[in-house]
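Peer 1: below: sequence and its predicted model.
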Amino acid sequence: MGNEINAESLALFRLRAQVAKALAHETRLMLVDALREKDLCVGELAERLGVGQPTVSKHLSVLKNAGIVDDRKDGAKIFYHLETPCVLNFFNCALEVIQQRSRAFKVLG
């Protein structure tokens, strides 16, 4: 009985899933990584990633809706920054999972 999911827990799981979904695309992961060091505008991000500005804007919108990035206007340009830099820990965790998986395949191979 103590393991039942209440409405508050369910809402928290849904929010976690939203963050996970926002990070579940290679372009969005590259955007997060590009914003690691400094704020960048859409044009700069598009140039760094080698994709079109509409694509970058779409992915930034997903990241913004998940609370991962935010923006600020400076004149005619909109600059994006990491709202929650702790998301960078995701990269370290993902790499650890990949390395562990690789070791497991070597053992099995």
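Peer 2: Thanks, I have it.

Peer 1: after the host helix or strand of residue 14, which helix or strand is next? Please name it.
Peer 2: Assigned by DSSP states H and E, residue 14 belongs to helix 7-22. Downstream of helix 7-22, the next assigned helix or strand under DSSP H and E is helix 26-34.

Peer 1: and that next one, what other elements does it pack with?
Peer 2: With contacts taken as 3 or more Cβ pairs under 8 Å, 6 or more residues apart in numbering; DSSP states H and E, helix 26-34 sits against helix 42-49, helix 53-65, helix 89-108. (C-beta placed from N, C-alpha, C; glycine too.)

Peer 1: related to what we said a few turns ago, only alpha carbons, please: show the helix holding residue 14 as CSV.
Peer 2: Below are the C-alpha coordinates for helix 7-22, written out as CSV (Å, rounded to 0.1, in the frame of the first residue of the first chain):
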residue,chain,number,x,y,z
ALA,A,7,-1.3,13.0,-7.8
GLU,A,8,1.8,15.0,-6.7
SER,A,9,4.2,12.1,-7.4
LEU,A,10,2.5,11.6,-10.8
ALA,A,11,2.9,15.3,-11.7
LEU,A,12,6.6,15.1,-10.7
PHE,A,13,7.1,12.1,-12.9
ARG,A,14,5.4,13.8,-15.8
LEU,A,15,7.7,16.9,-15.4
ARG,A,16,10.8,14.6,-15.3
ALA,A,17,9.6,13.0,-18.5
GLN,A,18,9.2,16.4,-20.1
VAL,A,19,12.8,17.2,-19.3
ALA,A,20,14.0,13.8,-20.5
LYS,A,21,12.0,14.2,-23.8
ALA,A,22,13.5,17.6,-24.3
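
Peer 1: no further queries at this time; thank you.
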